[in-house]
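[1] everything below, folded, please.
(one chain, ligands or ions: 1)
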Amino acid sequence: MKFPAYRPRRLRSSEVMRRMVRETSLAPDDLILPLFVTFGKGVRKEIKSMPGHYQLSVDNMRKEAVQVKSLGIPAVILFGIPERKDGTGKSAFDPKGPVQEAIKAVKDGVPELLVITDVCMCEYTSHGHCGVIKDKDVDNDRTLELLSKEALSHAKAGADIVAPSDMMDGRVRAIRETLDENGFEKVPIMSYAAKYASAFYGPFREAAESTPQFGDRQSYQMDPANTDEAMREVALDIEEGADMVMVKPALPYLDIIRRIKTEFGYPTAAYSVSGEFSMIKAAAEKGWLDGERAMMESLVSIKRAGADMILTYFAKEAAEILRKT
Ligand code: PBG
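    All right, here's what the predicted structure looks like:
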């Protein structure tokens, strides 16, 4: 059928008509909120580059969890800011560390809210790299031991899902083995399988205080120009035991999300990172675009590309809007 018999505009004539033929829908169930947990008491420290986000101490984390749950968001992902950092990031597996304590507080206060933990060394090392350094580079195989210990300590504290984000080779297998040997065979791994060396992590590094003190992360995170390599990374992680895979960032990598979803058919998460959030916030503050519409359009595009879950700093704002409509 061709024009004039076929007129696509007929199905765009009213909101209810558009809703009826809409192909992609977004719900609070699709969203995961990242949270930053720090040491101390009564802390609620604003993150300047990420309006509306704070470093929270454990006591405040519990209140936050209650609110998140009430908005219908199923899960949070925790990042830790430890009191002490050293060359090997020992505080990552301190049973009394901020993340470990926050897991307990959230699971105790709001048991139905899923707690995912980011498993990485960069927040805990004095040099800010995602592992142990040898000859100015991250030593892959020694780092695997540390990541396994970190994941295990999160599982012991009660984490529902662990999410390694370091991009070391073999880390999913190492973590899976450690969890299984210690009776945590039921804890799933959400692997940051295709994580790119991106400029869009800028605001996060302020939030998590994890900027590398020398060099950059290009020897472990992926080259933004590659897509076949992302398929190999995902295939490896699935073989090693990943239950869910993730693409990060989201908006500049929608093609990667689509290809992974189509080729593997695994539960696929997309991490809409700090820079994606802050760009929209900054432009909206300047009055250069409608922040709310830009937020919803970005989220629906990530879902349309094939993501089953979206990690986003907009989770609360978006859930509030979605619950009203
Ligand atoms: C830790 C980690 C990072 C992010 C998530 N986990 C930072 C990085 O790799 O430098 C970025 C998240 C964001 O920008 O929102 N490795």
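
[2] from the contact counts, what lies against the longest helix seen in the chain?
    Ordering each helix of the chain by length in residues (DSSP state H) puts helix 140-157 first. Using 3 or more Cβ pairs under 8 Å, 6 or more residues apart in numbering; DSSP states H and E as the contact test, the elements touching helix 140-157 are helix 98-109, strand 114-119, strand 161-164, helix 171-181. For the C-beta atoms, the positions are set from N, CA and C on the backbone; glycine is no exception.

[3] swap in 10 Å and give it another go.
    Here helix 140-157 touches strand 75-81, helix 98-109, strand 114-119, strand 133-134, strand 161-164, helix 171-181, going by 3 or more Cβ pairs under 10 Å, 6 or more residues apart in numbering; DSSP states H and E.

[4] could I get the buried residue list for the helix or strand bottoming out on mean pLDDT in the chain?
    Lowest by mean pLDDT, DSSP states H and E among the helices and strands of the chain is helix 202-208, with a mean of 91. Of the residues in helix 202-208, 203-205, 207-208 count as buried by neighbour count, 16 or more other Cβ atoms under 10 Å.

[5] what is the neighbour count of residue 108?
    By other Cβ atoms under 10 Å, 11 other residues sit near residue 108.

[6] quick check: it touching residue 158?
    Yes. Using Cβ atoms under 10 Å, residue 108 is in contact with residue 158, at 8.4 Å.

[7] endpoints of stretch 128-146, how far apart?
    15 Å (Cα to Cα, to the nearest Å).

[8] tell me how far it lies from the chain's centre.
    Counting by Cα atoms, centre = their mean, to the nearest Å, stretch 128-146 is centred 22 Å from the centre of its parent chain.

[9] is it positioned near the ligand?
    Yes. Stretch 128-146 reaches the ligand (Cβ under 6 Å from any ligand atom) through residue 130.

[10] quick one: mean pLDDT for that stretch?
    The average pLDDT within stretch 128-146 is 95.

[11] could I get the buried residue list for that stretch?
    128-133, 138, 140, 143-144, 146.

[12] and of those, the nearest to the ligand?
    Relative to the ligand, the closest of the buried residues of stretch 128-146 is residue 130; by Cβ to the nearest ligand atom it sits at 5.3 Å.

[13] would you mind measuring from the residue in the stretch 101-250 of the chain positioned nearest to the ligand to residue 268?
    The ligand sits closest to residue 204 of the stretch 101-250 of the chain, with a gap of 3.1 Å, by Cβ to the nearest ligand atom. Between residue 204 and residue 268 the computed distance is 21 Å (Cβ to Cβ, to the nearest Å).
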